[in-house]
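J.: Sequence and computational prediction follow.
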Amino acid sequence: MNARKPACTSVALAVFAFGALAFAAAPAQAQSGNHLEIIHHPNYDKSVFMPFSPAIKVKSGKILWLAGGTALPVYHDHPHKREQILKYLMNDLEGQVRQTMDGIMETLKAAGASPKDVVHVFIFRARPRMGDIGKASAVVNSYFAPHNHKPTTTNLAVLELGEPEQLVEIQVVAVVD
Amino acid sequence: MNARKPACTSVALAVFAFGALAFAAAPAQAQSGNHLEIIHHPNYDKSVFMPFSPAIKVKSGKILWLAGGTALPVYHDHPHKREQILKYLMNDLEGQVRQTMDGIMETLKAAGASPKDVVHVFIFRARPRMGDIGKASAVVNSYFAPHNHKPTTTNLAVLELGEPEQLVEIQVVAVVD
Amino acid sequence: MNARKPACTSVALAVFAFGALAFAAAPAQAQSGNHLEIIHHPNYDKSVFMPFSPAIKVKSGKILWLAGGTALPVYHDHPHKREQILKYLMNDLEGQVRQTMDGIMETLKAAGASPKDVVHVFIFRARPRMGDIGKASAVVNSYFAPHNHKPTTTNLAVLELGEPEQLVEIQVVAVVD
């Protein structure tokens, strides 16, 4: 990650990234996981279990916008190949969410971002059954829990995704150095 | 629009936050409601009533990304509790939009943002009936009209939201100091 | 476009916009099409045809957020007029995508942005038939191909858009100087 960070070590200059003061002497401030401020309401009831944050403020860094991801490998042929669809798009929501999130994690890593840098997660489900929202959320959240991070999310069911077998599409916005 | 262009003719240090000049002596420039530039087409027909802006440019400030809001209180138990659903998710689109926007306004306030700072509003409706798009829009817009502000919007009906009783989910992107 | 660019002619200073180094001597760096960094996985298979980028990093510039666009003219009456619907919303997905993208191109131009500056494209389709995703993508991509640019995309079918005749809504996020 540090290797991809621009070498901004000029001495007599005030260096601003997204409006965040980043002295050459304190580069740690601009590292992964420090760009976001979780917004909570004043005096909110902490006993209520919230799997997502009400809002996140992007304090610094650069916006990283991901394509909508699916359970197919991130790099897959277009138009979609029938054998790839049958191989990767099983009738298993949690499995598809896991494969999709694995691809998103690879893309975040390729950009030098960590799960802690994720601002928003759109979860678009198809063929919904009662309880699916919670099942999809649980898998998505399991990728952020080890980082003690709760992105903002939007979780809804649409009429159809790219293929009839596709049960989920996940679109992520993050921030990187 | 030219009048809103920052005058970048500083002598000592040109300091840019999001590309917007922010003199230490002129913090007022960075205050709520001054971060956005409404984009209009040249010579557009002002007699056409537009409830939204074609585009908004984020001139300054920091991105504030809200979770998809619902008519439930912003802080509500997960998994959702049946009695909360029955209490808050009435079969009344405009009522649900109002409750959702009230929660969004609280979250904006908690982050130090005003309705004037809202860039985009995604309105996701479920169980659509003819005319619902206009009804939902009218309520949403009523929160911005007192501020003489028209965010960009996307207003569509999806197959299902978090609960069968949920008629709307609203996801907002704003900007704050 | 240049006319709308702030005159930042400071002499001995490093000027930062969004954290991107932009020497006064090299203003070209901040011009249209240079704000985005396409993110690819290391050692990805270049033989796979990908119509979109896995992720895009916003290196510099200012976020430009467009309203969801439709095949109606960008400026159209609200509530929608029946004769406008019948005139513009033909039962032809590719035609509607083309009209929608034409409006989006006009709005980008009005803001001083080019197709090369587009970060993300949400394509929301209604009344989906098999193959529609590819048809819609092909038309959308044709607007970016001449610029050798592949935005990140999310392409899905929803239950209903603003009118029963509306087959597509496209929502774009871009970056401008």
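T.: Perfect, thanks for sending it.
J.: all contacts plus neighbour counts: C-alpha atoms, from now on.
T.: Noted.
J.: Can you report phi and psi for A:Phe49?
T.: phi -80, psi 120 (degrees, to the nearest 10).
J.: Settle this for me: it is touching B:His76, isn't it.
T.: Yes - counting by C-alpha atoms under 8 Å, B:His76 is a contact partner of A:Phe49 at 7.3 Å.
J.: So the two - more neighbours on which side?
T.: Taking neighbours as other C-alpha atoms under 10 Å in any protein chain shown, A:Phe49 and B:His76 compare with B:His76 leading, 16 against 13.
J.: Would you tell me which helix is longest in chain A?
T.: helix A:93-110 (DSSP state H).
J.: what lines up beside the helix or strand just after it in the sheet?
T.: Downstream of helix A:93-110, the first helix or strand assigned by DSSP states H and E is strand A:118-125. Applying DSSP bridges, strand A:118-125 is found paired with strand A:152-157 (parallel), strand A:168-176 (antiparallel).
J.: tell me the angle of strand A:118-125 relative to helix A:93-110?
T.: 150 degrees (axes from the mean of the first three to the mean of the last three C-alpha atoms, to 10 degrees).
J.: Touching strand A:118-125 from outside, list them.
T.: Residues outside strand A:118-125 that contact it (C-alpha atoms under 8 Å, 6 or more residues apart in numbering or on different chains) are A:36, A:56, A:58, A:136, A:151-158, A:161, A:167-175, B:65, B:67.
J.: got the residues of chain A near chain C?
T.: Proximity of chain A to chain C, by C-alpha under 8 Å from any C-alpha of the partner chain, involves residues A:13, A:15-19, A:61-68, A:74-79, A:106-107, A:110-111, A:158-162, A:171, A:176.
J.: repeat that with 6 Å
T.: A:16-18, A:62-68, A:77-78, A:110, A:158-161 (C-alpha under 6 Å from any C-alpha of the partner chain).
J.: Quick check on these: which are buried?
T.: The neighbour count (16 or more other C-alpha atoms under 10 Å in any protein chain shown) marks A:16-18, A:62-68, A:110, A:158-161 as buried among the residues of chain A next to chain C.
J.: what's the closest of these to B:Ser142?
T.: Nearest to B:Ser142, judged by C-alpha to C-alpha, of those is A:Val158 at 27.4 Å.
J.: Give the ranges of residues in chain A that sit below the confidence cut-off.
T.: In the predicted model, chain A carries pLDDT under 70 at residues A:1-31.
J.: Show me where it has its strands.
T.: Using DSSP state E, the strands of chain A run over A:16-17, A:20-21, A:36-39, A:55-58, A:62-66, A:118-125, A:152-157, A:168-176.
J.: need those in JSON lines with distance to A:Met90, can you?
T.: What follows is the strands of chain A, written out as JSON lines (distance: least, C-alpha to C-alpha, whole Å):
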{"stretch": "strand A:16-17", "distance to A:Met90": "43"}
{"stretch": "strand A:20-21", "distance to A:Met90": "45"}
{"stretch": "strand A:36-39", "distance to A:Met90": "35"}
{"stretch": "strand A:55-58", "distance to A:Met90": "33"}
{"stretch": "strand A:62-66", "distance to A:Met90": "23"}
{"stretch": "strand A:118-125", "distance to A:Met90": "14"}
{"stretch": "strand A:152-157", "distance to A:Met90": "18"}
{"stretch": "strand A:168-176", "distance to A:Met90": "11"}
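J.: A:Ile170 and C:Ala174: what is the separation?
T.: Distance of A:Ile170 to C:Ala174, given as C-alpha to C-alpha, to the nearest Å: 20 Å.
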